[in-house]
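Student: Sequence first, then the predicted structure, then my questions.
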Amino acid sequence: MPKNKRRKGVSRVIRANDVVYLLTREDVIACAKEMGIPEEVITDDILYKVKKGLEGAWEGWTEVVKAAISYALKD
């Protein structure tokens, strides 16, 4: 099997310094609290729905990253 192909169900190790952006449950809860929503309301079901909503919003993520790179290079 080629090195760049992974079998289904086989994960790879990602080092912390390789992560550019990571959103955690705690981040979602913090946003909810800023909205006046208590932590208890953010159930696993709500978190799943938020995750699915974000997946749709990130369909154009490459364009967002390209814009961020261009902006960063202007500094």
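Tutor: Received, thanks.
Student: Give me the pLDDT value at Y21.
Tutor: You'll see Y21 listed with a pLDDT of 82.
Student: ugh, wrong one, P38
Tutor: For P38, the model assigns a pLDDT of 96.
Student: list the contacts for the closest residue to it other than its chain neighbours?
Tutor: In space, and not counting its chain neighbours, P38 is closest to A32: 7.7 Å by C-beta to C-beta, 6 or more residues apart in numbering. The way it works is simple: take the backbone N, C-alpha and C, and place the C-beta from them, glycine included. Counting by C-beta atoms under 8 Å, 6 or more residues apart in numbering, A32 makes contact with 38-39, 41-42.
Student: Top of those by number of neighbours, please.
Tutor: Within the contacts of A32, most neighbours by other C-beta atoms under 10 Å means I42, with 17 neighbours.
Student: circling back to that earlier point, list the buried residues for the helix or strand encompassing the residue nearest to P38?
Tutor: Using DSSP states H and E, A32 falls within helix 25-34. Within helix 25-34, the residues that count as buried by 16 or more other C-beta atoms under 10 Å are 28-29, 32.
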